[in-house]
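# dropping a prediction and its sequence here:
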Amino acid sequence: MKYFFLLLFAFSFFSSEAQYRRKNQLLKNLELPPSPTKNAMEVGGFLQLGSYQGDLNPSNFTFISTDPGIGFFIKRNPVTLLPNNTFRRSRIVRRVFNAEIFGAYQKLSFKDANINDLRGINPFCYSSNLRRNLGFSTNILQLGMDLEYNPFIIGYQNYFAPYAVAGFSGIYFNPKTTYTLDGVTKTVNLRKLQTEGINYFNISSVVNLGIGFRFVSEQGYTIGIELFQNFTQTDYLDDVSRFYPADFSSLTPEQILLSARGIELDKDFIASGYSSAWLKNNPEIVKKYAGKRRGDSYDKDAFWNLKISYSQILKLRR
């Protein structure tokens, strides 16, 4: 009889074990896949429009003078889509904060002649800037790091994700302008001419603030749009900041003209054929500018960007 009970116990044990294994397998199939052991990286690029804000353009977020740009970024993807299984749809792993490294090339330009257009937007733009007649263009190289804040995600399988961005970057800039003197038209580096008598740095730190909205596909690609405001720590993005030189007598005709380009509007100078000799022979015209205010040194220059981006998730790791 004891052998019968031993056989019954053994049968009950193995039967229970088999039932447990079947039940455990069913639960395993019902369970969602585990979270990734590594972060999914996202690599992409963007096209952008940029507009300068500073001494020549006292209005914000205008499209009167916009220039193109291009860039790339690498980030930790904020939304990881885990694979489907038999019983449930795909699951997401959401990350609220995500770091991004980016680089960009952007052209910026503006001129005082745009003031007439700006006055329709900002009536406080000074008409005297027209008589100042300054202008510039610069290529900007930007490299930095941002931190994204993703408060929530809209959708289930394809995701819409609004977010905010803040970060720091560095820029290299080199303002230039084109002018005509003695019948020759040239494009020159304004920084080398020291139009205000100051040798400033053409590298600056920048604070980046932005908002964005992205579409995240289950196929692993992302399309986004972002609006960024970039606050630089320089007032010479446009080569304009303080005062005209106090003494023009030691300057070359090129330096005189590019410091005080209002002279280009003088009828006699135009009649002379933009002559360098005329500049030297009419010191009373040049002296009118000596030591007077040329720009506003109390506010630093800035620029905004409107970006459209495309990116691809490199890996989804379990």
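Done, it's in. Residues are numbered from 1 along each chain as shown.

# can you count the residues close to the residue nearest to Phe72 when sequence neighbours are not counted?
Nearest residue to Phe72, sequence neighbours excluded (Cβ to Cβ, 6 or more residues apart in numbering): Gly45, at 4.8 Å. C-beta coordinates here come from the backbone N, C-alpha and C atoms, glycine included. When neighbours are defined as other Cβ atoms under 10 Å, Gly45 has 14 of them.

# could you list the buried residues of the strand or helix carrying Gly45?
According to DSSP states H and E, Gly45 maps onto strand 41-53. Buried residues in strand 41-53, counted by 16 or more other Cβ atoms under 10 Å: 42, 44, 46, 48, 50-53.

# what does stretch 200-220 give?
By neighbour count with 16+ other Cβ under 10 Å, stretch 200-220 contains the buried residues 202, 204, 206, 208, 210, 212, 214, 216, 220.

# make TSV out of these and add secondary structure.
Shown next, in TSV, are the buried residues of stretch 200-220 (DSSP: H, G, I helix; E, B strand; the rest coil):
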residue	secondary structure
Asn202	coil
Ser204	strand
Val206	strand
Asn208	strand
Gly210	strand
Gly212	strand
Arg214	strand
Val216	strand
Gly220	coil
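
# ok, so of those, who is nearest Thr178?
When the buried residues of stretch 200-220 are compared for distance to Thr178 (Cβ to Cβ), Asn202 wins out at 18.7 Å.

# in this structure Asn189 contacts Lys176, no?
Yes: under the criterion of Cβ atoms under 8 Å, Asn189 makes contact with Lys176 at 5.8 Å.

# these two: who's more crowded?
Taking other Cβ under 10 Å, Asn189 and Lys176 do not tie; Lys176 has more neighbours (16 against 12).

# now do whatever helix or strand Gly224 lives in and strand 41-53, the angle between them.
Using DSSP H and E, the element containing Gly224 is strand 221-232. Strand 221-232 runs at 40 degrees relative to strand 41-53, counting by axes from the mean of the first three to the mean of the last three Cα atoms, to 10 degrees.

# now find how far off-centre strand 221-232 is within its chain.
Relative to the chain's own centre, strand 221-232 is displaced by 6 Å; criterion: Cα atoms, centre = their mean, to the nearest Å.

# tell me which residues of it are tucked away?
If you call a residue buried by 16+ other Cβ under 10 Å, then strand 221-232 has these buried ones: 222, 224, 226, 228-230, 232.

# and the helices in the stretch 1-150 of the chain?
Remark: helices assigned in the stretch 1-150 of the chain by DSSP state H, counting those that start in this stretch are 2-30, 115-118, 128-132.

# pick out the shakiest of the ones you listed, pLDDT-wise.
If the helices of the stretch 1-150 of the chain are sorted by mean pLDDT, helix 2-30 sits at the bottom with a mean of 43.

# what's the weakest-modelled helix or strand in this protein?
Least confident element among the helices and strands of the chain, by mean pLDDT, DSSP states H and E: helix 2-30 (a mean of 43).

# circling back: could I get the buried residues of stretch 200-220 as TSV with distance to Arg261?
Below are the buried residues of stretch 200-220 laid out as TSV (distance: Cβ to Cβ, whole Å):
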residue	distance to Arg261
Asn202	20
Ser204	24
Val206	28
Asn208	32
Gly210	34
Gly212	39
Arg214	44
Val216	50
Gly220	53
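
# can you lay out those as a markdown table showing pLDDT?
Listed next are those as a markdown table, based on pLDDT from 0 to 100:
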| residue | pLDDT |
| --- | --- |
| Asn202 | 95 |
| Ser204 | 97 |
| Val206 | 97 |
| Asn208 | 96 |
| Gly210 | 96 |
| Gly212 | 94 |
| Arg214 | 87 |
| Val216 | 81 |
| Gly220 | 75 |
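
# that older thread, which residues are in contact with the next helix or strand after the strand holding Gly224?
Going down the chain from strand 221-232, the next helix or strand is helix 253-259, by DSSP H and E. The contact list for helix 253-259, computed with Cβ atoms under 8 Å, 6 or more residues apart in numbering, reads 177, 179, 181, 188, 190, 193-196, 244-245, 248, 251, 263-264, 276, 279-280, 286, 289, 294.

# picking up where we left off before, okay if I get the buried residues of strand 221-232 as CSV plus distance to Ala302 and pLDDT?
Below are those laid out as CSV (distance: Cβ to Cβ, whole Å; pLDDT from 0 to 100):
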residue, distance to Ala302, pLDDT
Thr222, 28, 88
Gly224, 22, 94
Glu226, 16, 96
Phe228, 11, 95
Gln229, 7, 95
Asn230, 6, 96
Thr232, 6, 96
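
# now render those as JSON lines, adding distance to Lys300.
Formatted as JSON lines, the buried residues of strand 221-232 follow (distance: Cβ to Cβ, whole Å):
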{"residue": "Thr222", "distance to Lys300": "33"}
{"residue": "Gly224", "distance to Lys300": "28"}
{"residue": "Glu226", "distance to Lys300": "22"}
{"residue": "Phe228", "distance to Lys300": "16"}
{"residue": "Gln229", "distance to Lys300": "12"}
{"residue": "Asn230", "distance to Lys300": "11"}
{"residue": "Thr232", "distance to Lys300": "6"}
